[in-house]
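1. Have a look at this fold, sequence not included:
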């Protein structure tokens, strides 16, 4: 018995990774900007939302991963079997569009931070950053890619260190974390919607399901998957929490922040070179982590929708369509950065696509997660259903509000 246990533990440890990588990728440069703005504009008042969103993230990602484990199929493949292909195509178009726009914004963010730290214009970093990511994914084995992405995920702990260095008021921190603070003003509502929309991103749902499939995991590893997902989502929100805290302490009275460059430059005189250094390292690491996940999410989704061979363990010549979508997503992201479209505009439009997609995905996961024909005895429990339903309600409300604002209903 002991020998079996000893053999099983190392095998299970090898399966850990998709949840942690997915969680880390959720804190991409675009997310860092959102959390920084939330902290700078609303202080600690929205920390309780990060606490609330953690079980929501776990429910969403666990359901997605469980579907992949049980069926051996990705979400597009499942949707093609049980729903209309037209629905799958709509989801794919929204996802790929949002991902490419976010890739453009994230590459721009990494290049901008490198410009600030080196004095070399950001445009000269666009191609090297893209080339590094393309080489890593297209010409290295999946296990190598996985190790690099896990390392980049763990490097985001610099933000937790930054929050500790900011020395926030612990009493105020605890009150705002465990007691909901709600302000009936537009700035608060917009910040709350932005925070929740950034925390639960559609590309994370598709990426983790594809990675569980890539791992060749089975239902026997369901407990490992659940633990990996829970740890990854808790870690993701711990990093987000730390960014909100540190920006609330250090940037709350520094004026308007619209880009990561604004935030980075504001940190120098307010918090000093060391805080600026930690912030910069975090942005670069998060970009190098999130960009391949975003492009990979698009590549897996498109390939599975059309039945192409996919996976990072395949050579480029064996999975041409998969790698064309991956590389194409990176190249279009670079083109966006070289065009008149600003990173702020790219993020704005990506949020519109995500706003359309997230409530649809939340509703589908709620239905699929309770389908006994698909999951058998592994259907969702009550808590998962409650938090999936909460995700659906909140994401749908955010989408309705977003389109109401866009139509001119907001003053």
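-> Received it, and whenever you're ready, just let me know what you need. Here the structure is a predicted model, which means the values were calculated and not measured. Numbers count the residues shown, from 1 in each chain.

2. In the stretch 1-150 of the chain, where is pLDDT below threshold?
-> Along the stretch 1-150 of the chain, the model assigns pLDDT under 70 to residues 1-17.

3. 90 - rerun?
-> Counting by pLDDT under 90, the stretch 1-150 of the chain shows low-confidence ranges at 1-43, 45-46, 49, 65-75, 81-85, 116-117, 119, 122-123, 139-150.

4. can you give me the strands for it?
-> Taking DSSP state E, counting those that start in this stretch, the stretch 1-150 of the chain contains no strands at all.

5. which secondary structure elements does whatever helix or strand residue 350 lives in contact?
-> Assessed by DSSP states H and E, residue 350 sits inside helix 343-368. With contacts defined as 3 or more CB pairs under 8 Å, 6 or more residues apart in numbering; DSSP states H and E, the packing partners of helix 343-368 are helix 29-42, helix 47-71, helix 75-82, helix 85-118, helix 186-199, helix 202-214, helix 382-406. The C-beta positions use only the backbone N, C-alpha and C, and glycine is treated the same way.

6. what separates the closest residue to residue 29 other than its chain neighbours from residue 262, distance-wise?
-> Using CB to CB, 6 or more residues apart in numbering and skipping residues adjacent in sequence, the residue nearest residue 29 is residue 109, 3.5 Å away. Distance from residue 109 to residue 262, counting by CB to CB, to the nearest Å: 12 Å.

7. In the helix holding residue 350, which residues are buried?
-> Residues 343, 346-347, 350-366, 368 are the ones in helix 343-368 that count as buried (16 or more other CB atoms under 10 Å).

8. And the next helix or strand past it?
-> With DSSP H and E, the next secondary element past helix 343-368 is helix 372-375.

9. low pLDDT regions in the stretch 151-300 of the chain?
-> Filtered on pLDDT under 90, the stretch 151-300 of the chain yields the residue ranges 151-159, 161-167, 180-232, 246-283, 287, 289.

10. any idea where the helices of it begin and end?
-> Using DSSP state H, counting those that start in this stretch, the helices of the stretch 151-300 of the chain run over 158-165, 170-178, 186-199, 202-214, 222-251, 260-271, 273-306.

11. Would you mind finding the most buried of those helices?
-> helix 202-214 (a mean of 27; mean count of other CB atoms under 10 Å).

12. how big is the angle separating that one from helix 85-118?
-> 100 degrees (axes from the mean of the first three to the mean of the last three CA atoms, to 10 degrees).

13. and the angle from helix 202-214 to helix 343-368?
-> For helix 202-214 against helix 343-368, the angle by the same axes, to 10 degrees is 60 degrees.

14. residues in contact with residue 314?
-> Residues in contact with residue 314 (CB atoms under 8 Å, 6 or more residues apart in numbering) are residue 322.

15. and the gap between it and residue 321?
-> In this view, residue 314 and residue 321 are 11 Å apart by CB to CB.

16. repeat for residue 371
-> 29 Å.

17. just residue 44 next, same as before
-> With CB to CB as the criterion, residue 44 and residue 321 are 47 Å apart.

18. More neighbours: the two, which one.
-> Neighbours were counted for residue 44 and for residue 321 using other CB atoms under 10 Å; residue 44 has more, 21 against 15.

19. Spatially nearest residue to the more buried one (excluding sequence neighbours)?
-> Leaving aside its chain neighbours, residue 44 sits nearest to residue 176 (3.9 Å; criterion: CB to CB, 6+ apart).

20. residues touching that neighbour, list them.
-> Counting by CB under 8 Å, 6+ apart, residue 176 makes contact with 43, 44, 45, 46, 47, 48.

21. one more time with 7 Å, if that's ok
-> Applying CB atoms under 7 Å, 6 or more residues apart in numbering, one finds that residue 176 lies in contact with 44, 45, 47, 48.

22. Residue 316 now?
-> Contacts of residue 316 by CB under 7 Å, 6+ apart are 138, 323.

23. what's the closest of the helices and strands packed on helix 343-368 to residue 300?
-> helix 202-214 (3.8 Å; CB to CB).

24. quick one: that closest one to chain centroid distance?
-> Its chain's average C-alpha position is 11 Å from that of helix 202-214, according to CA atoms, centre = their mean, to the nearest Å.

25. got the angle for it vs helix 273-306?
-> Put simply, helix 202-214 runs at 70 degrees to helix 273-306, going by the same axes, to 10 degrees.

26. Show residues contacting helix 202-214.
-> With contacts defined as CB under 7 Å, 6+ apart, helix 202-214 is touched by 18-19, 22, 25-26, 60-61, 64-65, 67-69, 72, 74-75, 95, 98-99, 142, 225, 293-294, 296-297, 300-301, 311-312, 354, 357-358, 361.

27. if you average pLDDT over stretch 334-343, what comes out?
-> Computed over stretch 334-343, the mean pLDDT rounds to 87.

28. quick one: contacts of it?
-> For stretch 334-343, the external contacting residues (CB under 7 Å, 6+ apart) are 101, 104, 105, 107, 108, 109, 126, 127, 130, 259, 346.

29. Show me which residues of it are buried.
-> Buried, per 16+ other CB under 10 Å, within stretch 334-343: 334, 336, 337, 341, 342, 343.

30. What separation do you get for the second one and residue 29?
-> Translated: residue 336. For residue 336, the distance to residue 29 equals 14 Å [CB to CB].

31. Give me the neighbour count for residue 393.
-> Look at residue 393: counted by other CB under 10 Å, it has 12 neighbours.

32. before we move on, what about residue 127?
-> Residue 127 has 13 nearby residues by other CB under 10 Å.

33. Please apply the same query to residue 85.
-> Neighbour count of residue 85, defined by other CB under 10 Å: 13.

34. contact partners of stretch 371-385?
-> Residues outside stretch 371-385 that contact it (CB under 7 Å, 6+ apart) are 59, 62-63, 66-67, 70-71, 219, 222, 366, 368-370.

35. again, 8 Å this time
-> Contacts for stretch 371-385 (CB under 8 Å, 6+ apart): 55, 59, 62-63, 66-67, 70-71, 78, 82, 219, 222, 366, 368-370, 388.

36. Likewise for stretch 300-308?
-> Stretch 300-308 is contacted from outside by 73-77, 80, 88-89, 92, 95-96, 206-207, 210, 309-310, 319, 321-322, 325, using CB under 8 Å, 6+ apart.

37. Thank you, goodbye.
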